[in-house]
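Novice: Here you go, sequence then predicted model.
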Amino acid sequence: MALPTPQSGFLISVVGQIEKAEFAEFDNIYCKYCFVCGPDWERLSGYEEGLSQVSRKSQDDRQIFVLNFPFEVCFKSTNPYGWPRIVLSIYGIDSFGNSVIRGYGMYHLPVTSGKCTKVMSTFVPASSSMLQQMTSWFTGRRPEYLDSRVLAFGDGREVTRVASQGKVWITFNVMIKDMRKYGFDNVQRENAASTSSQSS
């Protein structure tokens, strides 16, 4: 009788949500996310992509978009190269009824276990001239990436003109297992750092 082979690789499990967004100039948005990882990584569970509901700006002084859009994913690997990233694409509906890009953002999943909330600054590709900007506004075809996964890699991004626009708040609840078995130490050492600074 053959024994079951032990599972190889360390695991990272993330449960979180895209909580809220801040885009001062717009009245409605919706969000699309996708996870991107390196060739040595395997997604064991959870959805690779997701699409949220349309959210309208709050009528109070905060002027925020409440999304509360949950996600859950689990990855396995033996190599931290290509650590998983979450890529956000924020869309909205303009005055002509067209769905247009409002912001892109990318963030590496946290490398330590625990809960954290991150603020992601987003950006949009900018038109190369005033004429193109006017044309894109009238036609409803704004500059955007054909595949948002390009944001997870550095190739060719240095030649892209972008403009900052908006912020998104994301909460991560991270569990990591068996990294030490493969020689990686990702434990936070806040107490050790404070002790060494006090002794010096």
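Specialist: Cool, the structure landed.

Novice: Just the pLDDT at the spatially most central residue of the chain, thanks.
Specialist: Residue closest to the mean C-alpha point of the chain, counted by Cα atoms, centre = their mean, is Ile86 at 3.3 Å. At Ile86 the predicted local distance difference test score is 96.

Novice: Looks to me like it is in a strand.
Specialist: Yes. In this structure, Ile86 lies within a strand as judged by DSSP: H, G, I helix; E, B strand; the rest coil.

Novice: And it, how far from Phe23?
Specialist: The gap separating Ile86 from Phe23 is 19 Å, by Cβ to Cβ, to the nearest Å. Just so you know, the C-beta spots here come from the backbone N, C-alpha and C atoms, and that holds for glycine as well.

Novice: Bridging across strands, which residues link to the residue nearest to the centre of the chain?
Specialist: Beta-bridge pairing of Ile86, defined through DSSP bridges, involves Phe35, Tyr107.

Novice: give the contact list for it.
Specialist: With contact set as Cβ atoms under 8 Å, 6 or more residues apart in numbering, Ile86 has these partners: 33-35, 71, 106-107, 109, 170.

Novice: Rebuild those residues as CSV, extending it with distance to Tyr81 and pLDDT.
Specialist: Shown next, in CSV, are the contacts of Ile86 (distance: Cβ to Cβ, whole Å; pLDDT from 0 to 100):
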residue, distance to Tyr81, pLDDT
Tyr33, 22, 96
Cys34, 20, 96
Phe35, 16, 96
Phe71, 23, 96
Met106, 17, 93
Tyr107, 18, 94
Leu109, 14, 94
Ile170, 23, 97
